[in-house]
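Asker: coordinates for the following, if possible.
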Amino acid sequence: MSGAPRIARIALAVWAALIVLFLLFPIALIVLYAFNPSNVQSWPLDGLSTRWFSATFHNEAMREAFWLSIRAALISTAIALLLGSLAAFAVHRFRFFGRETISFVILLPLALPGIITGMALNSFFTFGGVDFSLTTIVIGHATFCIVTVYNNVLARMRRTPTSLVEASMDLGADGWQTFRHVTLPMIATALVAGGLLAFALSFDEVIVTTFTAGAQNTLPLWIFGNIRLGQELPQVNVVVLFVIAVTLVPVALAQRLTRDTGALRPVGRARAERQD
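Answerer: Coordinates of the predicted model:
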């Protein structure tokens with residue numbers, strides 16, 4: 001009987017290792033190709049070289065696309081932090097008609113395919129006579145970035161003991177003081193994690209950007225265009241390596257922050273100490 005659980009654990013471990021290998025092997029491969037000294041993408045490599053890094057960073061079109069992506073991601077993240085946190089606070093704290101509908105509408109862009117959202121925004125901007133620009137890119141990115149912040153903040157607030165807020169009000173604090181000294185510290189890590197995830201999603205978004213950028217090139221669109229043409233494939237590999245690094249850092253930080261529950265940790269620790 002004891003052998004069966006051991007075999008099951010081994011099988012699950014092997015299966016998990018295969019899944020991780022399946023996910024990480026393409027990333028490891030593109031990292032190696034970034035150091036390929038040849039402009040022909042073939043295997044095995046002739047060696048390792050950084051010759052394409054200098055050419056890539058001196059590519060004017062790539063630099064313009066990079067800064068456009070950075071600006072769009074930062075502005076979209078700022079909008080998402082403001083609107084997403086306010087929406088989460090309202091849905092959690094208040095009971096009103098249409099509350100569930102508002103929550104559904106906020107989450108809808110996450111459920112819809114990106115191409116549907118992009119086509120809808122494109123039709124809206126065309127109908128309104130709005131010229132495609134950084135503003136239209138930011139509006140497109142904010143639609144799904146808000147969802148990320150909203151989900152993180154709402155989940156944290158639902159785990160927050162209401163007794164802390166009630167105690168603050170009982171001690172004479174007004175609504176702003178309670179929010180600043182009690183609510184905000186408790187949701188701070190959720191805000192940061194949501195913002196980091198929103199930035200990562202916005203930075204490498206390509207589908208919605210395709211319909212809202214017009215003639216402008218963000219970094220993902222630059223990558224997509226050069227993959228199709230194939231003329232600057234070695235530089236594309238270098239840029240993809242950089243995008244992977246830029247994306248993994250905020251995702252890893254957000255994952256660490258979501259383990260933390262802010263002001264709830266001291267509360268849980270105090271309860272454990274009382275039980276001991």
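
Asker: so who does the nearest residue to F132 once chain neighbours are set aside touch?
Answerer: Spatial nearest neighbour of F132, chain neighbours left out: G214 (2.7 Å); criterion: CB to CB, 6 or more residues apart in numbering. Just so you know, the C-beta spots here come from the backbone N, C-alpha and C atoms, and that holds for glycine as well. Applying CB atoms under 8 Å, 6 or more residues apart in numbering, we find G214 in contact with 131-133, 136.

Asker: name the SS class of G214, please.
Answerer: Three-state assignment for G214 (DSSP: H, G, I helix; E, B strand; the rest coil): coil.

Asker: phi, psi for it please.
Answerer: Torsion angles at G214 (phi, psi; degrees, to the nearest 10) stand at phi 70, psi -130.

Asker: same check, this time on the one 5 residues further on
Answerer: Geometry field for L219 lists phi and psi as phi -60, psi -50, criterion degrees, to the nearest 10.

Asker: quick check: which ranges of the chain have low pLDDT?
Answerer: 1-4, 229-231, 258-276 (pLDDT under 70).

Asker: ranges for the helices of it?
Answerer: 3-34, 51-57, 60-93, 99-111, 114-127, 134-158, 162-170, 175-178, 184-203, 207-212, 219-229, 233-259, 264-275 (DSSP state H).

Asker: contacts for the fourth one?
Answerer: Around helix 99-111, the neighbours that count as contacts under CB under 8 Å, 6+ apart are 84, 87, 90-91, 117, 143-144, 146-147, 150-151.

Asker: switch the cut-off to 6 Å
Answerer: The contact list for helix 99-111 (CB atoms under 6 Å, 6 or more residues apart in numbering) reads 87, 91, 117, 143-144, 147, 150.

Asker: closest one to V246 out of those, please.
Answerer: The shortest gap between V246 and any of these belongs to F144, at 18.1 Å (CB to CB).

Asker: relative to V243, how far out is the closest one?
Answerer: 18 Å (CB to CB, to the nearest Å).

Asker: L171 now?
Answerer: Distance of L171 to V243, computed by CB to CB: 49 Å.

Asker: ok, A198 - contacts?
Answerer: Applying CB under 6 Å, 6+ apart, the residues near A198 are 77, 80, 145, 148-149.

Asker: ignore what I typed, I meant F94.
Answerer: Here F94 is in contact with no residue (CB under 6 Å, 6+ apart).

Asker: nearest to P44, of the helices of the chain?
Answerer: helix 3-34 (9.7 Å).

Asker: now the helices of the chain in CSV, with distance to S42?
Answerer: What follows is the helices of the chain, written out as CSV (distance: least, CB to CB, whole Å):
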stretch, distance to S42
helix 3-34, 10
helix 51-57, 15
helix 60-93, 24
helix 99-111, 39
helix 114-127, 33
helix 134-158, 36
helix 162-170, 61
helix 175-178, 63
helix 184-203, 30
helix 207-212, 30
helix 219-229, 16
helix 233-259, 11
helix 264-275, 52
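
Asker: among those helices, which is nearest W43?
Answerer: helix 3-34 (8.7 Å).

Asker: hmm, back to that, who's more crowded, L171 and V243?
Answerer: V243 (19 against 9; other CB atoms under 10 Å).

Asker: just give the nearest non-adjacent residue to the more buried one, would you?
Answerer: Using CB to CB, 6+ apart, the closest residue to V243 is D204 (5.8 Å).

Asker: alpha carbons only: can I get stretch 162-178 in CSV?
Answerer: Output in CSV follows, covering the C-alpha atoms of stretch 162-178 (Å, rounded to 0.1, in the frame of the first residue of the first chain):
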residue,chain,number,x,y,z
THR,A,162,-13.3,44.5,8.9
SER,A,163,-12.7,44.7,12.7
LEU,A,164,-9.5,46.8,12.0
VAL,A,165,-11.5,49.4,10.1
GLU,A,166,-14.3,49.4,12.7
ALA,A,167,-11.7,49.8,15.5
SER,A,168,-10.2,52.8,13.7
MET,A,169,-13.6,54.4,13.3
ASP,A,170,-14.5,53.7,16.9
LEU,A,171,-11.3,55.4,18.0
GLY,A,172,-12.4,58.6,16.3
ALA,A,173,-10.6,58.4,12.9
ASP,A,174,-12.6,59.8,10.0
GLY,A,175,-12.8,58.0,6.6
TRP,A,176,-9.7,59.5,5.1
GLN,A,177,-7.6,58.8,8.2
THR,A,178,-8.9,55.2,8.3
